[in-house]
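A.B. asks: take this sequence and fold it.
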Amino acid sequence: MAGRISDDDIAHVRERSPIADVVGEHIQLRNAGGGNLKGLCPFHEEKSPSFNVTPARGYWYCFGCGEGGDVITFVRRLEHLTFSEAIERLAQRAGIQLRYEQGGYVPGREQGERTRLIEAHRAAAEYYAELLGGPEAGPGRRFLSERGFERVDAEHFGVGFAPPDWDRLARHLMGRGFTAAELIKAGIAKEGRRGPIDRFRARLVWPIRDITGDVIGFGARKLLDNDEGPKYLNTPESPLYKKSEVLYGIDLAKREISKRSQAVVVEGYTDVMACHLAGVPTAVATCGTSFGEGHIKILRRLLLDQAEFRGEVVFTFDGDPAGQKAALRAFAEEQKFVTQTFVAVQPDGLDPCDLRVKHGDAAVRDLVASREPLFAFAIRSTISRYDLATNEGRLAALDAAAPIVAAIKDRALRQMYAIDLDRWLGFLNEQLVMGRITEMAGHPAPAAGQQPRRA
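C.D. replies: Predicted coordinates for the structure are as follows:
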């Protein structure tokens, strides 16, 4: 954000956004008498309407869940946006050009650039989607079909096809009025010897949207053997696209994540598609990078209830060593969530997409339901590398797992996992295990005969 939105513009947005019209775009409102309207609350499950709108006051209130506010609050809660994002969404709806105030900022310049880049991405996504039905896209359609996806599924997720030509998309977009500089800055094209050339060619393409639903980048999958590029190629960093702050599918999953108090983190675009189609509509995926701090912030906005989390995050990873390693990397970030965090790993190593193809939708739902606490997964994965049939192997496993348990900040939970670790290793000596963990936590081990300190 280049600056603060002008107070005059905020007031203008409120005036041009009648609350009955905005709310009515999302829920059915009926006359409740006295100038009020009512409908089913979008923020909690209910069978009889308790959600009231008072157009004369520009206010809404739910007698069921106690939530209320103005039109901006409604959009923020519904779309899980910041205040500024809600203003921008309503301004776009009302056709208002916002002005930003901050020292040295030229009003409208950055917002105008963002709008142009968003429009270019939208036009590119539409072009790709249209080409998926053409004769050149046969390999792409076969790829989708082999993974259990139908044409209607591709349309729902906006999947498209990038033509094999060097600059067909660039020429199409420049014909629509976009400049070469804009296409290059957006990451849609790159500099060629004779002008901009398409970044993605002869690939299946997924549009990557931000939480508001705007296309901000693309992920492209190789289809042809003579394509010497990587299997997956993503949009480079741009003013719109920051891979450490992007979750594929978040626009489709955000409401279900908030409603179900659960987010399922998978590894790829087809895994997100498979989960949603199998009845797990809370699935999202990172885009070409590991799960990290920026992704935590996105989920925090969806799962946060006042100052604490009220849900769970489930990571699904391939069952192979690489997948387990990815899960353990995620463990490093886990304690930044005040929530229960889990891992779901299919024993035969199938990812959600392959699992759905081989065993059906129910198997995907069962995978998520069989989740294991992330702490337990991290500890079990560590000790599984050692020979627990020998004293030497069990001691080595203890020394390897002790730092994981010692790093658990919740004291009661740390003690409980210490007891579990003792049982999993077969020592039946909690004092020995607690002593080792206490050493790893930076405390002296208890003396012989002394009870372990209950950290």
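
A.B. asks: contacts and neighbour counts: CA atoms only from here.
C.D. replies: Will do.

A.B. asks: how about Lys38, what does it touch?
C.D. replies: Leu29, Arg30, Asn31, Ala32, Pro49, Ser50, Phe51, Asn52, Val53 (C-alpha atoms under 8 Å, 6 or more residues apart in numbering).

A.B. asks: what's across from it in the sheet?
C.D. replies: Arg30, Asn52 (DSSP bridges).

A.B. asks: which element is Leu252 on?
C.D. replies: helix 250-260 (DSSP states H and E).

A.B. asks: how many residues are close by Ala124?
C.D. replies: By other C-alpha atoms under 10 Å, the residues close to Ala124 number 24.

A.B. asks: buried set for the strand or helix carrying it?
C.D. replies: According to DSSP H and E, Ala124 maps onto helix 109-131. The neighbour-count check on helix 109-131 (16 or more other C-alpha atoms under 10 Å) flags 110-111, 114, 116-125, 127-131 as buried.

A.B. asks: report the distance from that helix to the chain centre.
C.D. replies: 21 Å (C-alpha atoms, centre = their mean, to the nearest Å).

A.B. asks: residue ranges of the strands in the stretch 351-455 of the chain, please?
C.D. replies: 372-373 (DSSP state E, counting those that start in this stretch).

A.B. asks: low-confidence ranges, it, go.
C.D. replies: 442-455 (pLDDT under 70).

A.B. asks: report all helices and strands that the helix or strand hosting Ile296 contacts.
C.D. replies: In the assignment (DSSP H and E), Ile296 maps to helix 293-303. Here helix 293-303 touches helix 250-260, going by 3 or more C-alpha pairs under 8 Å, 6 or more residues apart in numbering; DSSP states H and E.

A.B. asks: 10 Å instead, please
C.D. replies: Applying 3 or more C-alpha pairs under 10 Å, 6 or more residues apart in numbering; DSSP states H and E, we find helix 293-303 packed against strand 247-248, helix 250-260, strand 262-266, strand 308-309, strand 312-316, helix 321-334.

A.B. asks: what comes up buried for it?
C.D. replies: His295, Ile296, Ile298, Leu299, Arg300, Leu302, Leu303.

A.B. asks: any idea of the angle that helix forms with helix 250-260?
C.D. replies: Angle, helix 293-303 to helix 250-260, by axes from the mean of the first three to the mean of the last three C-alpha atoms, to 10 degrees: 50 degrees.

A.B. asks: where exactly do the helices run in the stretch 101-250 of the chain?
C.D. replies: In the stretch 101-250 of the chain, the segments counted as helices under DSSP state H, counting those that start in this stretch are 109-131, 138-146, 151-157, 168-175, 180-186, 250-260.

A.B. asks: out of the ones you listed, which comes closest to Arg329?
C.D. replies: helix 250-260 (21.6 Å; C-alpha to C-alpha).

A.B. asks: thinking again about what came up before, and the helices and strands packed on helix 293-303, which one's lowest on average pLDDT?
C.D. replies: For the helices and strands packed on helix 293-303, mean pLDDT drops lowest on strand 308-309, to a mean of 52.

A.B. asks: for the residue most central in space within the chain, give the beta-bridge partners.
C.D. replies: The centre of the chain sits closest to Leu247, judged by C-alpha atoms, centre = their mean, with a distance of 3.4 Å. Judged by DSSP bridges, the bridge partners of Leu247 are Thr286.

A.B. asks: quick one: contacts for it?
C.D. replies: Contacts for Leu247 (C-alpha atoms under 10 Å, 6 or more residues apart in numbering) come out as 208-211, 265, 283-287, 291, 294-295, 298-299.

A.B. asks: recalculate using a threshold of 8 Å.
C.D. replies: The contact partners of Leu247, by C-alpha under 8 Å, 6+ apart, come to Asp210, Val284, Ala285, Thr286, Cys287, His295.

A.B. asks: quick one: contacts of the helix or strand where the second one lies?
C.D. replies: Meaning Val284. Taking DSSP H and E as the criterion, Val284 maps to strand 283-286. Outside strand 283-286, the residues that touch it by C-alpha under 8 Å, 6+ apart are 243-244, 246-250, 253, 263-269, 272, 275-276, 295.

A.B. asks: tell me the mean pLDDT for that strand?
C.D. replies: For strand 283-286, the mean pLDDT works out to 97.

A.B. asks: and it, what's buried?
C.D. replies: Ala283, Val284, Ala285, Thr286.

A.B. asks: mind putting these in TSV, distance to Arg147 included?
C.D. replies: Below are the buried residues of strand 283-286 laid out as TSV (distance: C-alpha to C-alpha, whole Å):
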residue	distance to Arg147
Ala283	17
Val284	18
Ala285	17
Thr286	20
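
A.B. asks: out of the buried residues of helix 293-303, who's nearest Ala202?
C.D. replies: His295 (30.0 Å).

A.B. asks: looking at it, that closest one is touching Lys243, isn't it?
C.D. replies: No. Counting by C-alpha atoms under 8 Å, His295 stays clear of Lys243, with 9.3 Å between them.

A.B. asks: in the stretch 1-150 of the chain, where is pLDDT below threshold?
C.D. replies: By pLDDT under 70, the weakly predicted segments of the stretch 1-150 of the chain are 1-3, 102-112.

A.B. asks: can you measure across stretch 62-73, start residue to end residue?
C.D. replies: Across its full length, stretch 62-73 reaches 13 Å between end residues, using C-alpha to C-alpha, to the nearest Å.

A.B. asks: let me redo that: stretch 14-21
C.D. replies: In stretch 14-21, first residue to last residue: 12 Å (C-alpha to C-alpha).

A.B. asks: which other residues reach it?
C.D. replies: Stretch 14-21 is contacted by residues Val53, Thr54, Pro55, Gly58, Tyr59, Asp70, Val71, Ile72, Leu90, Ala94 when judged by C-alpha under 8 Å, 6+ apart.

A.B. asks: verify the stated contact: the second one with Gly34.
C.D. replies: No. At 9.0 Å, Thr54 and Gly34 do not qualify as touching, with contact defined as C-alpha under 8 Å.

A.B. asks: who has more neighbours out of the two?
C.D. replies: Remark: of Thr54 and Gly34, Thr54 carries more neighbours, 18 against 7, as counted by other C-alpha under 10 Å.

A.B. asks: tell me the phi and psi of that one?
C.D. replies: Dihedral angles of Thr54 (phi, psi; degrees, to the nearest 10) stand at phi -110, psi 90.

A.B. asks: list the residues that contact it.
C.D. replies: Thr54 touches Ala20, Gly35, Asn36, Leu37, Trp60, counting by C-alpha under 8 Å, 6+ apart.

A.B. asks: just to revisit the earlier point, JSON lines for the helices of the stretch 101-250 of the chain, including distance to Ala369?
C.D. replies: JSON lines is the format used below for the helices of the stretch 101-250 of the chain (distance: least, C-alpha to C-alpha, whole Å):
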{"stretch": "helix 109-131", "distance to Ala369": "34"}
{"stretch": "helix 138-146", "distance to Ala369": "26"}
{"stretch": "helix 151-157", "distance to Ala369": "24"}
{"stretch": "helix 168-175", "distance to Ala369": "43"}
{"stretch": "helix 180-186", "distance to Ala369": "40"}
{"stretch": "helix 250-260", "distance to Ala369": "13"}
